[in-house]
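Just a sequence and a predicted model for now, questions to come.
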Amino acid sequence: MLTRLAGSLRRYDVVAGTSRLVALVCLIGLVGMLPWLSGKDPALTILRATSSDREPTPEVLESIRKSIGIDGGPLHTMGRWLAGLVRGDLGRSWVSGAPVGPDAVDAFGVSLSLMAAALGVGLVIVAALVLPALRDGLRGQPRPRGGAVSAVLISLPEYLLAPILMLVLAVYLRILPPLGWGGPEKVIMPALSLGLPTGGYLGGLISDAVTATFSKRWVATWSTAGIRGGALAGAVLRRALTPLAGQVALVVVALTGGAVAVEKIFAIPGIGRELIEAASAQDVPALQAQILLLLALALTAGIIAGIVHRLLMGRAAGAGGLTAPPPVEHPGRAARVIAVIGAALLALMVAVGIRRDPYAIVADKLAEPSTSLPLGADSLGRDVLARVAHGALSTVTGAVAVTVVCFVIALLVGLAPRAATGFIEVANAAPPILAGLIVAGVSGPSATGAAIAVASVGWAPLASHAAGLVAEARRRPDILLAPVLGEGRVRITLTRVLPAVVGPLARHAALRLPGKALALAALGFLGLGAQSPTPEWGLVLSDALPYIERAPWAVATPAAALVVLSITSVAASRSMRR
């Protein structure tokens, strides 16, 4: 029996390891093939950027192709690109013709400084949420702490929190500069925008893990033996942190996606802003270099997380590992009330504004709220209420389509989870914004491209859940006995396994629908999704942001709608955990 189990584990490791290797090779290949996937002639792009008056004759275009080393076809170009990477050459810009490496590295350094400041803010929030849980546990009264605070912070994505902070601290209070980078005062708002949601997420995870750990029997044994105070708190904290090391790595990777939006809002010369400019101009070599730097950051974060995990495990590292404590149940009644109120507010806004024309110019530019325009007018004189109401329908419709696609992919992948291990891990670690940048670099910004980008990474959490549900279903007694009754594998899967998986997976997918809407809005906000004049929430917010000082209501309205949607989604997910 033990020999058979060991053989199964070895086969699992081989399949999973092969899957990870194939996923990594495919990812590098995807980045390397971007010049050919874009469908855009690099020679023509360079000619228009450098010598727009020259005639694009075949001879001229071929000369440019030779000068940038793409005259030998896709495979030859890929080989030269990989050889350049080995030498440290990241290529030349299609637009400026200059080497992309130096600018990418400089921008990456700025982004690393911003992320370091954000992690500092996050650690302060984590300490504020975790220390009360430790204190209560040491007093023998372990109970959930920081649940509401964590939920509020998580429900404010970076691209929403940044305009809110700018509106309050820079426009109304005038205590901080609104834009730029350099002095310490210019770091505060960007660091808060990134660090508060990060700290809320990690603080909630660790606080719940600490509370659950204090309920373990060994904690009572230690207390009986006289081990209390700092020694017990350190042991509990170490046990709680050990299974969460991987989550910290994912948070660092997620910061890269948030940094893209924050750098755009605050005009920070980091890699996020460079990525947006490269994707919008379809400057593929610059996009390749910047994506590689972000992938290197993700790989480094994963390696460091693995090392930290083994250090925390100590002598238990080779003993099969430790699983995370069971999640702490938070009261669900308040969450249900918040979810219902939020949904009612969104429905009321849509009901009032859906009959208004979102495209017609009905007032002066940036007209203030009035009886005829309850939420004022935007920079072109269009009704803000009408645009936000119609934007709710377009955003939610896109999110529903993406959720259905993710559900189908997850269901199929869940039936063969080992072969998809590497692809699940890669997709799970990639922020939707990074996927959106790649898609925009290939096909240009569009609503369809944004939906493809969100779906390309949004299936991974559902696939992980589907794999667990399939494994659990296959251990049921009736399914184990089905082959004895003459049922084939296909029939068992269709009639027994899938019915057991579809229901729970559909409920999980429904809970992730608001998150898909927020991701689509984020891409629209960055200019990577729906294009003007489409009334999409992220685009409406982005169009209003330059006028935040003159017409704060134009920013506050779409921001408030997105905040309500985000809070509603978090509350709904918490209310359905019980």
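Great, that's in hand. In this text, all values refer to a predicted model and were calculated from it rather than measured experimentally. Numbers count the residues shown, from 1 in each chain.

Can you mark which positions in the helix or strand where Arg507 lies are buried?
According to DSSP states H and E, Arg507 maps onto helix 498-525. In terms of neighbour count (16 or more other C-beta atoms under 10 Å), helix 498-525 has its buried residues at 498, 500-501, 505, 508-509, 511-525. Placement of C-beta: from N, CA and C, glycine included.

before we move on, what about stretch 360-370?
Going by neighbour count (16+ other C-beta under 10 Å), the buried part of stretch 360-370 is 363, 366-367, 369.

And for stretch 381-396?
Taking 16+ other C-beta under 10 Å as the basis for neighbour counts, the residues of stretch 381-396 that come out buried are 382-392, 394-396.

Restricted to helices, list the residues you listed.
Taking DSSP state H as the definition of helices, the buried residues of stretch 381-396 contribute 384-392, 394-396.

Just the closest of the buried residues of stretch 381-396 to Ala544, please.
Ala544 lies nearest to Val384 out of those, by C-beta to C-beta, at 8.0 Å.

so what's the closest residue to that closest one other than its chain neighbours up against?
Distances taken as C-beta to C-beta, 6 or more residues apart in numbering place Leu375 nearest to Val384, at 4.2 Å, with adjacent residues excluded. Going by C-beta atoms under 8 Å, 6 or more residues apart in numbering, Leu375 touches 369, 383-385, 388, 553, 557.

returning to that earlier point: adding pLDDT and distance to Ser569, write the buried residues of stretch 381-396 out as TSV.
As requested, the buried residues of stretch 381-396 are exported to TSV (pLDDT from 0 to 100; distance: C-beta to C-beta, whole Å):
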residue	pLDDT	distance to Ser569
Arg382	89	28
Asp383	89	27
Val384	87	23
Leu385	87	22
Ala386	89	24
Arg387	89	22
Val388	87	17
Ala389	88	19
His390	88	21
Gly391	84	17
Ala392	84	14
Ser394	82	18
Thr395	82	13
Val396	81	12
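
Make JSON lines out of the residues you listed and add distance to Arg54.
Formatted as JSON lines, the buried residues of stretch 381-396 follow (distance: C-beta to C-beta, whole Å):
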{"residue": "Arg382", "distance to Arg54": "41"}
{"residue": "Asp383", "distance to Arg54": "47"}
{"residue": "Val384", "distance to Arg54": "46"}
{"residue": "Leu385", "distance to Arg54": "50"}
{"residue": "Ala386", "distance to Arg54": "47"}
{"residue": "Arg387", "distance to Arg54": "43"}
{"residue": "Val388", "distance to Arg54": "46"}
{"residue": "Ala389", "distance to Arg54": "49"}
{"residue": "His390", "distance to Arg54": "45"}
{"residue": "Gly391", "distance to Arg54": "43"}
{"residue": "Ala392", "distance to Arg54": "48"}
{"residue": "Ser394", "distance to Arg54": "42"}
{"residue": "Thr395", "distance to Arg54": "43"}
{"residue": "Val396", "distance to Arg54": "48"}
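
Format the buried residues of stretch 360-370 as TSV; extra columns: distance to Ile452 and secondary structure.
Below are those laid out as TSV (distance: C-beta to C-beta, whole Å; DSSP: H, G, I helix; E, B strand; the rest coil):
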residue	distance to Ile452	secondary structure
Ala363	36	coil
Leu366	34	coil
Ala367	37	coil
Pro369	37	coil
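
ok, of the residues you listed, which one's closest to Pro56?
Leu366 (42.5 Å).

burial measure for Arg273, as a count.
As a burial measure, the neighbour count of Arg273 was computed by other C-beta atoms under 10 Å and equals 22.

go on, the one 3 residues further on?
Here the number of neighbours of Ile276 (other C-beta under 10 Å) works out to 22.

which ones are touching it?
For Ile276, the set of contacting residues under the criterion of C-beta under 8 Å, 6+ apart consists of 260, 264, 437, 526-528.

How about the most centrally placed residue in the chain: what's its closest non-neighbour residue?
Geometric centre of the chain, nearest residue: Pro431, 3.5 Å, by C-alpha atoms, centre = their mean. Taking C-beta to C-beta, 6+ apart as the measure, Pro431 lies nearest to Gly257, with 2.7 Å between them; neighbours along the chain are not counted.

For that neighbour, give its distance to Pro163.
When C-beta to C-beta, to the nearest Å is applied, the distance between Gly257 and Pro163 equals 17 Å.

Could you do Leu169 as well?
The spacing between Leu169 and Pro163, counted by C-beta to C-beta, is 11 Å.

out of these two, which sits in the busier spot?
For the pair Leu169 and Pro163, the greater number of neighbours falls to Pro163 (25 against 17), based on other C-beta under 10 Å.

Hmm, that one is touching Lys264, no?
No - the pair formed by Pro163 and Lys264 falls short of the contact definition of C-beta atoms under 8 Å, at 11.1 Å.

Quick check: what element follows the helix or strand hosting Ile438 along the chain?
When secondary structure is defined using DSSP H and E, the element that contains Ile438 is helix 432-443. Proceeding C-terminally, helix 432-443 gives way to helix 447-474 as the next helix or strand, assigned by DSSP H and E.

and the angle for that next one with helix 498-525?
What separates the directions of helix 447-474 and helix 498-525 is an angle of 150 degrees, with axes from the mean of the first three to the mean of the last three C-alpha atoms, to 10 degrees.

possible to save the contacts of Leu375 as JSON lines with distance to Val236?
Putting the contacts of Leu375 into JSON lines (distance: C-beta to C-beta, whole Å) gives the following:
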{"residue": "Pro369", "distance to Val236": "52"}
{"residue": "Asp383", "distance to Val236": "56"}
{"residue": "Val384", "distance to Val236": "50"}
{"residue": "Leu385", "distance to Val236": "51"}
{"residue": "Val388", "distance to Val236": "47"}
{"residue": "Trp553", "distance to Val236": "48"}
{"residue": "Thr557", "distance to Val236": "46"}
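
name the helices or strands packed onto the strand or helix carrying Thr211?
When elements are defined using DSSP H and E, Thr211 is found to belong to helix 188-214. Packed against helix 188-214, as judged by 3 or more C-beta pairs under 8 Å, 6 or more residues apart in numbering; DSSP states H and E, are the following elements: helix 100-138, helix 147-154, helix 158-165, helix 229-241, helix 245-265.

Using JSON lines, lay out those together with distance to Gly199 and mean pLDDT.
What follows is those, written out as JSON lines (distance: least, C-beta to C-beta, whole Å; pLDDT from 0 to 100):
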{"stretch": "helix 100-138", "distance to Gly199": "3", "mean pLDDT": "86"}
{"stretch": "helix 147-154", "distance to Gly199": "7", "mean pLDDT": "68"}
{"stretch": "helix 158-165", "distance to Gly199": "12", "mean pLDDT": "81"}
{"stretch": "helix 229-241", "distance to Gly199": "15", "mean pLDDT": "80"}
{"stretch": "helix 245-265", "distance to Gly199": "10", "mean pLDDT": "75"}
